[in-house]
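requesting a structural model of the entry that follows:
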Amino acid sequence: MISRANIRYPIDFCREYYAGLVLSAVGTASPVPHQEDTGVDYYCTLIEHEGQRGLVTDLFTVQVKSNLEPWVFKTPESVRWLVAHLLPLFLCVVNRTEGSVSIFHTAPRFYLWAMPPLPDCVNLWPTQDEIGQCTQWEGGTTFSLSAPILTLNVQEAEQQSFRDMAKEVLKFWISVDKANLARMVDGIHSFQMPHEYLTNSPRQYTPRHAVFLTARGYSNTSRFQTLGIPSK
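Model prediction:
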């Protein structure tokens, strides 16, 4: 007989499993098998409960990391994937020491869309800042993801009040991604996100905190033409 104590799980499995436990507190989190990896680790939903039934309100995707090192896109093809990804996308960093996960927006991908041409490589760097700042070009190909939009652990995810807060935060940032994706599909080279935000604070997001950035001098081409992807 094999003792449970003798079973060793890969680090990647552990971090993704932990992230899935937390993400499932606000909806569903379906892991992507490693052999079918398409660039993300989870396809997720937000769910509103009506009696014994759950109503899916939003879809989003999540990539999981185990540290605050940058999320690196080394080739032009991977950069195009990042920008052209058609669903809201978040980066989840698992801190196994503290037993927590931090979730970050990926707004720089819309900045890249708004300011063509696309670079050959991109680094997205999550931070532990207390106040989040909107995406800004700092030179080169490295972009800060600023502060996490959400930080929580399994114990907090068991609390209904915390789950409700987490759901509201995610719902807001999903709406930001969806609006930017709609501009991309329409060929509008601009994007919108809050000028500042606080982690775990859905009440922070008001119109006066929003910034709208528009690239000038580009024709109203489709996202497929700009990204070099043949359109149908």
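
for the helix or strand where Asp164 lies, packing partners?
In this assignment (DSSP states H and E), Asp164 forms part of helix 160-185. Helix 160-185 is packed against strand 42-50, strand 53-65, strand 89-95, helix 108-114, strand 150-153, helix 154-157, strand 190-194, with contacts defined by 3 or more Cβ pairs under 8 Å, 6 or more residues apart in numbering; DSSP states H and E. All C-beta spots, glycine's among them, are computed from the backbone N, C-alpha and C.

check contacts around the residue positioned nearest the centre of the chain.
Geometric centre of the chain, nearest residue: Phe90, 1.1 Å, by Cα atoms, centre = their mean. By Cβ atoms under 8 Å, 6 or more residues apart in numbering, Phe90 lies in contact with Phe60, Thr61, Val62, Gln63, Ile103, Phe104, His105, Thr106, Ile149, Leu170, Trp173.

switch to 6 Å and redo it
Val62, Ile103 (Cβ atoms under 6 Å, 6 or more residues apart in numbering).

what sits opposite it in the beta ladder?
With DSSP bridges applied, Phe90 shows beta-bridge pairing to Val62.

tell me how far it lies from Pro76.
Plainly put, Phe90 is 23 Å away from Pro76 if you go by Cβ to Cβ, to the nearest Å.

swap in Leu23?
Distance of Leu23 to Pro76, computed by Cβ to Cβ: 31 Å.

what about the two, which has more around it?
Using other Cβ atoms under 10 Å as the criterion, Leu23 and Pro76 rank with Leu23 on top: 28 against 15.

ok, the more buried one touching Leu46?
No. The criterion here is Cβ atoms under 6 Å, and Leu23 misses it with Leu46 at 10.0 Å.

for Tyr197, which non-adjacent residue is spatially closest?
Counting by Cβ to Cβ, 6 or more residues apart in numbering, Gly132 is the residue found nearest to Tyr197 once chain neighbours are left out, at 4.2 Å.

so, low pLDDT: which residues of this protein?
1-14, 203-232 (pLDDT under 70).

hang on, the earlier thing: buried set for the helix holding Asp164?
Neighbour counts over helix 160-185 (16 or more other Cβ atoms under 10 Å) mark 162-163, 165-171, 173-174, 176-177, 180-181, 183-184 as buried.
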